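> quick one, structure for this:
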Amino acid sequence: MSITLSGQDKSTLRTAAYGAVSLVAAATGSPHKAATSASIALTSATGLVGHVLAANAKDIELNGKTVAELADRVLPALTAAMKLLGKQAPAEAGNFRSTVLLAIEAAQAHQDKPSTTTAEMARKITAALDAAGAAAADSGAAPAAAAGQDRPELQKAIEEIVDSGFLGVSLRVHDEQGEWVGSAGVAELGGTAKPPVNGHARIGSNTKTFTATLVLQLVAEGKIELDAPADDYLPEFGLDRRITVRMLLQHTSGLFNFVGEVYDDGSIVHGIPVPYGTTGKEWVDNRFHTYRPEELVRLALSKPARFEPGTGWSYSNTNYVLARLLIEKVTGRSLAEEMRHRILGPLGLSGTVVPDASPEIPEPHAHVYYRYEEAGRQKTIDVTRHNPSWVSTGGDMISTSQDLHTFISALVGGKLLPAPLLAEMCTPHATGLPNMDYGLGVFVQKTDCGTVITHNGGTIGSMTLMYSTPDGSKTLTAVLNWVDDADLSIAPVVQKAQQRLVNEVFCGEQADPAQPAD
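A predicted model of the protein is given here:
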């Protein structure tokens with residue numbers, strides 16, 4: 001459906017959104033930082049709302065200087081904005097609401113300390129956004145946000161994926177029709193509740209995209225040289241001088257993967273105990289053990305390299321643990337601190353965590369399970385809580401589908417990196433995988449419907465998906481949960497599910513399964 005908003009309609013939307021930012025920023029201890037971070041969150045929106053909020057904002061009409069005076073102008077504008085979207089572009093109403101709420105979360109990230117004034121203003125903003133839906137409900141009409149949810153083909157797809165062998169699936173799509181979120185299956189064995197649509201999940205190798213972005217930000221500031229030997233920054237490991245920072249991010253260093261390697265002839269060289277193969281039970285018994293990054297790197301360096309630096313491609317978590325140590329050496333701060341300072345705070349990613357060695361995962365979340373044999377009997381245990389340091393920066397972060405959408409759309413939209421470095425990040429390097437090349441922390445995947453920028457994250461009992469068109473106009477983020485085992489028996493079903501969702505969202509139809517890779 002073609003939607004045309006008048007100039008006044010667009011002005012109302014911009015006034016409401018940027019007015020909400022001004023309201024919350026004015027009540028924080030760092031109004032300039034708060035407004036800047038919140039504005040970045042606004043401009044990361046996609047779809048019709050994204051185009052409107054990213055356009056020239058000279059028409060914003062804000063009167064009053066005090067918080068109370070601003071509130072008198074802005075709160076009605078928020079309700080008016082939701083009403084006009086409900087009439088003119090109902091699929092965008094939910095997109096607008098979530099964008100504004102994300103922006104005020106970003107503004108509050110810069111508070112010196114919790115403020116009752118800011119919290120109350122955030123509550124009033126939420127109430128103003130929801131007032132239009134409440135009015136529609138009172139009149140018997142469908143709320144605007146719910147109208148944008150009418151995507152039966154997407155709901156059908158995730159229900160069929162659950163039926164193929166998953167415990168639960170939650171999916172979030174942002175495209176020309178607005179935002180759609182839905183879930184199917186159950187959040188835990190024996191339960192009836194569906195997985196939360198914006199629950200927390202261990203995002204596995206999506207961590208690599210966050211980490212690569214942070215390294216490239218330091219490159220942009222001149223603190224790291226992309227083609228300098230990594231040994232210049234981390235001399236304590238005695239790395240091969242031919243290994244550059246670029247090779248770490250690109251997986252062309254040849255370094256042994258500390259979780260183990262499977263070679264072309266089928267032989268296996270083990271690293272640390274992992275949940276798969278012959279070490280599955282050992283991983284279960286030691287799943288709360290803490291590994292330090294230096295320990296993992298030294299184990300990897302004690303094993304033969306796969307190839308000479310720069311002469312091949314091989315996916316290795318070791319590369320990204322070195323990237324973590326590189327960040328910490330150059331900045332003098334922990335990866336978690338740098339991530340909050342440079343990416344999570346500015347984008348308002350309040351649901352994203354760098355856990356280091358903590359086994360905890362914030363509520364709400366779906367559960368994941370592991371099945372193994374003990375004394376001749378099958379046993380299934382909940383492994384939602386475990387110490388993620390066994391994979392470290394190769395895949396330890398926690399996030400939500402909303403945060404992943406915000407992150408990938410901001411990244412490809414040029415909000416996090418200068419254009420030349422973003423281009424470097426997305427320049428494909430051959431991997432040998434069908435239709436899957438690798439840049440610097442992202443896969444560049446060719447589909448029947450064009451190229452997508454992606455990095456999925458598989459970890460024990462779950463997978464998070466993160467896909468975007470190169471311009472950020474369409475994104476897919478999802479979480480899939482299952483009962484895992486040492487034989488990876490669900491792996492073929494996982495691959496089909498990935499391809500099904502990509503085809504549904506980016507092609508609008510179900511195509512023949514390909515061979516996706518993570």
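> helices of the stretch 251-400 of the chain, start to end?
Ranges of helices in the stretch 251-400 of the chain, per DSSP state H, counting those that start in this stretch, are 280-285, 293-301, 317-331, 335-339, 345-347.
> so for residue 394, what's the nearest residue that isn't a sequence neighbour?
With C-beta to C-beta, 6 or more residues apart in numbering as the criterion, residue 394 has its nearest non-adjacent residue at 2.8 Å, and that residue is residue 317. Where you see a C-beta, it was placed from the backbone N, CA and C, and this is true even at glycine.
> run a quick neighbour tally on the one you found.
25 (other C-beta atoms under 10 Å).
> against residue 43, how distant is the residue most central in space within the chain?
Centrality entry for the chain: nearest residue to the mean C-alpha point is residue 404, 2.3 Å, by C-alpha atoms, centre = their mean. Going from residue 404 to residue 43 by C-beta to C-beta, to the nearest Å gives 18 Å.
> next one: residue 54
Taking C-beta to C-beta, one finds residue 54 at 5 Å from residue 43.
> so between these two, which is more surrounded?
residue 43 (19 against 15).
> was I right to think the more buried one contacts residue 53?
Yes: proximity of residue 43 to residue 53 meets the contact threshold set by C-beta atoms under 8 Å, at 6.1 Å.
> what pLDDT does residue 22 get?
Predicted confidence (pLDDT) at residue 22: the value is 84.
> what helix or strand does the closest residue to it other than its chain neighbours sit in?
Leaving aside its sequence neighbours, residue 22 sits nearest to residue 70 (C-beta to C-beta, 6+ apart; 5.9 Å). For residue 70, the host element (DSSP states H and E) is helix 67-88.
> circling back: OK, contacts around the residue nearest to residue 394?
257-259, 296, 391-395 (C-beta atoms under 8 Å, 6 or more residues apart in numbering).
> how near is it to residue 24?
From residue 317 to residue 24 the distance is 39 Å (C-beta to C-beta).
> ok, now residue 366?
Residue 366 is 31 Å from residue 24, by C-beta to C-beta.
> same question, residue 358
29 Å.
> quick one, which of those two is more surrounded?
Set residue 358 next to residue 24 and count neighbours by other C-beta under 10 Å: residue 24 wins out with 28 against 15.
> residue 126 is in contact with that one, correct?
No: Residue 24 lies out of contact with residue 126 (C-beta under 8 Å); the separation is 11.3 Å.
> wasn't residue 16 part of a helix?
Yes: using DSSP: H, G, I helix; E, B strand; the rest coil, the assignment for residue 16 is a helix.
> run a quick check on it versus residue 85, I expect a contact.
No: contact criterion C-beta under 8 Å: residue 16 and residue 85 do not qualify, at 10.2 Å.
> ok, residue 464 - how many residues close by?
29.
> show the pLDDT at residue 59.
Residue 59 is given a pLDDT of 62.
> with the one 3 residues further on instead?
Here, the pLDDT recorded for residue 62 equals 65.
> list phi and psi for residue 444.
Residue 444 has phi and psi values of phi -110, psi 100 when expressed as degrees, to the nearest 10.
> quick check: closest non-adjacent residue to it.
Closest to residue 444 by C-beta to C-beta, 6+ apart is residue 428, at 4.0 Å.
> which residues touch the one you found?
Per C-beta under 8 Å, 6+ apart, neighbours of residue 428: 437-439, 444.
> what does residue 362 give?
200, 351, 353, 398.
> give me the distance between the second one and residue 315.
Distance, residue 351 to residue 315, using C-beta to C-beta: 27 Å.
> of those two, which one has the most company?
residue 351 (20 against 15).
> pull the contacting residues for that one.
Here residue 351 is in contact with 198, 200, 362, 399-400, 402-403 (criterion: C-beta under 8 Å, 6+ apart).
> please apply the same query to residue 45.
Taking C-beta under 8 Å, 6+ apart, one finds 53-54, 95-96, 99, 409 in contact with residue 45.
> among those residues, which ones are in helices?
When DSSP state H defines the helices, the subset of these inside them is 53-54, 95-96, 99, 409.
> what's the closest of those residues to residue 130?
residue 96 (12.1 Å; C-beta to C-beta).
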